[in-house]
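S.K.: Sequence plus the predicted model coming up.
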Amino acid sequence: MFSLLARSVTLKRFASRYGMTPNGFARRFIAGETITEAIEAARATQGRGMHVALDYLGESVNTTKAAIAASREYVQLMETIVASGIERNISLKLTQLGLTIDKATCVDNLRRILEPAARHEFFVRIDMESSRYTQLTLDVFETVWSLDFRNVGIALQSSLHRTEQDVRRMNELGARVRLVKGAYKEPASVAFQQKADVDAAYTRQMRLLLDRGVYPAIATHDEEIIAETRSYAAERTIGHDRFEFQMLYGIRRDLQTSLVAEGYRMRVYIPFGKEWFPYFMRRLGERPANVGFVLRALLGEKSG
């Protein structure tokens, strides 16, 4: 349902009117529409002893011109981040860079980002999108890896049947993996359908990453999986400096704070940009309890 709503032009127009006001309902999960707002949120997050990654929202460009323009926007964003003095860590989606056009276009645009990123000591994380792009995304990643870019990592989704094999491959390469559950609705032919099965897969993959991976990112808000990760790391005497937890901006701030207080590394993904609505709807789909929060905020703003 939420994936369909995310594509609704009428709902997007309605949400845009209310969501990004100073006290708008989407501000809980989105830092803002501008890089200035994202930097402010990043500074506040770093002030709480956490690391940050800036996530410039956008996806699925359909022309070469738009893909090139997106790559140039990333270069400008990095220049602004350098001037701001905040941590140099960003994430991106390859459909922003022409993945739906052809692989060569996407690789060229990604290189336009990775080259200045390397000069300015940025780490760039490639996000994973729906399963129809999984193999293409990994192909592009391995292409730039073969070109000796080492300032780049990949996200993998534990819900997909193929992911354990992909984890082993990334471990073999020595690539940094961000392990997530997956926010896209997928068919049973490619993905686990039950939460218990996704959680079990995530736990298996987490152990593989802690045992053989290079500084893995355990990206989850699930307290049971976090507890399992902590227990497994302790059993194997895996130090806190060999992995990090990651969470999304505005979600489980209490848990973020408690993990930092206990000496764990915590990175908060800070999304921003004008194309925030599809991301926001996926967050609601992951946690339907957030719908009540949004409705209350909307009703409050409309009556105010």
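M.R.: The structure has been received and is ready for your questions. Just so it is clear, the model here is predicted, and its values are computed rather than measured. Numbers count the residues shown, from 1 in each chain.
S.K.: pLDDT score assigned to the nearest residue to I238 once chain neighbours are set aside?
M.R.: Sequence neighbours aside, L210 is the residue nearest to I238 in space, at 5.5 Å (criterion: C-beta to C-beta, 6 or more residues apart in numbering). Every C-beta, even on glycine, is put in place using the N, C-alpha and C of the backbone. Per-residue confidence (pLDDT) for L210: 98.
S.K.: Check L179 too.
M.R.: Predicted confidence (pLDDT) for L179: 98.
S.K.: Name the residues of the helix or strand it falls within that are buried.
M.R.: Per DSSP states H and E: L179 is located in strand 177-180. Using 16 or more other C-beta atoms under 10 Å as the test for burial, strand 177-180 gives V177, R178, L179, V180.
S.K.: looking at it, Y279 is touching P271, isn't it?
M.R.: Yes - with contact defined as C-beta atoms under 8 Å, Y279 counts as touching P271 (5.7 Å).
S.K.: what sits in contact with each of these two?
M.R.: Residues touching both Y279 and P271 (C-beta atoms under 8 Å, 6 or more residues apart in numbering): F29, I30, L57.
S.K.: And the spatially closest residue to the second one that is not a sequence neighbour, how far from L57?
M.R.: Okay, so that is I30. Spatially, and ignoring its direct neighbours in sequence, I30 is nearest to W276 (4.7 Å; C-beta to C-beta, 6+ apart). The spacing between W276 and L57, counted by C-beta to C-beta, to the nearest Å, is 5 Å.
S.K.: and for these two, which residues touch both?
M.R.: With C-beta under 8 Å, 6+ apart as the test, W276 and L57 both reach I30.
S.K.: So which of the two has more stuff around it?
M.R.: Higher neighbour count among W276 and L57: W276, with 23 against 20, using other C-beta atoms under 10 Å.
S.K.: Between Y279 and P271, which has more neighbouring residues?
M.R.: Neighbours per residue (other C-beta under 10 Å) separate Y279 from P271, with P271 holding more: 25 against 21.
S.K.: The closest residue to G32 other than its chain neighbours and V198: what is the separation?
M.R.: Spatial nearest neighbour of G32, chain neighbours left out: F272 (5.3 Å); criterion: C-beta to C-beta, 6+ apart. Distance of F272 to V198, given as C-beta to C-beta: 28 Å.
S.K.: More neighbours: which of the two?
M.R.: Comparing F272 with V198 by neighbour count (other C-beta under 10 Å), the higher total belongs to F272, at 25 against 19.
S.K.: Could I get the contacting residues of that one?
M.R.: Residues near F272 by C-beta under 8 Å, 6+ apart: 30-35, 37-38, 41, 54-57.
S.K.: so what's the backbone phi/psi at it?
M.R.: When read as degrees, to the nearest 10, the backbone of F272 gives phi -160, psi 170.
S.K.: Look up the residues forming beta bridges with it.
M.R.: Y56 (DSSP bridges).
S.K.: I'd like the distance between it and Q205.
M.R.: F272 is 29 Å from Q205, by C-beta to C-beta.
S.K.: cool, R230 as well?
M.R.: In terms of C-beta to C-beta, R230 sits 16 Å off from Q205.
S.K.: The two: which is more packed in?
M.R.: Q205 (23 against 17).
S.K.: Can you classify the more buried one as helix, strand or coil?
M.R.: With DSSP: H, G, I helix; E, B strand; the rest coil as the basis, Q205 sits in helix.
S.K.: What segments of the stretch 151-300 of the chain are strands?
M.R.: 152-157, 177-180, 217-219, 244-248, 266-272 (DSSP state E, counting those that start in this stretch).
S.K.: Would you mind giving these as CSV with distance to T45 added?
M.R.: Formatted as CSV, the strands of the stretch 151-300 of the chain follow (distance: least, C-beta to C-beta, whole Å):
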stretch, distance to T45
strand 152-157, 20
strand 177-180, 17
strand 217-219, 15
strand 244-248, 11
strand 266-272, 5
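S.K.: R72 is nearest to which of those?
M.R.: Relative to R72, the nearest member of the strands of the stretch 151-300 of the chain by C-beta to C-beta is strand 266-272, separated by 17.6 Å.
S.K.: what mean pLDDT does the closest one have?
M.R.: For strand 266-272, mean pLDDT is 97.
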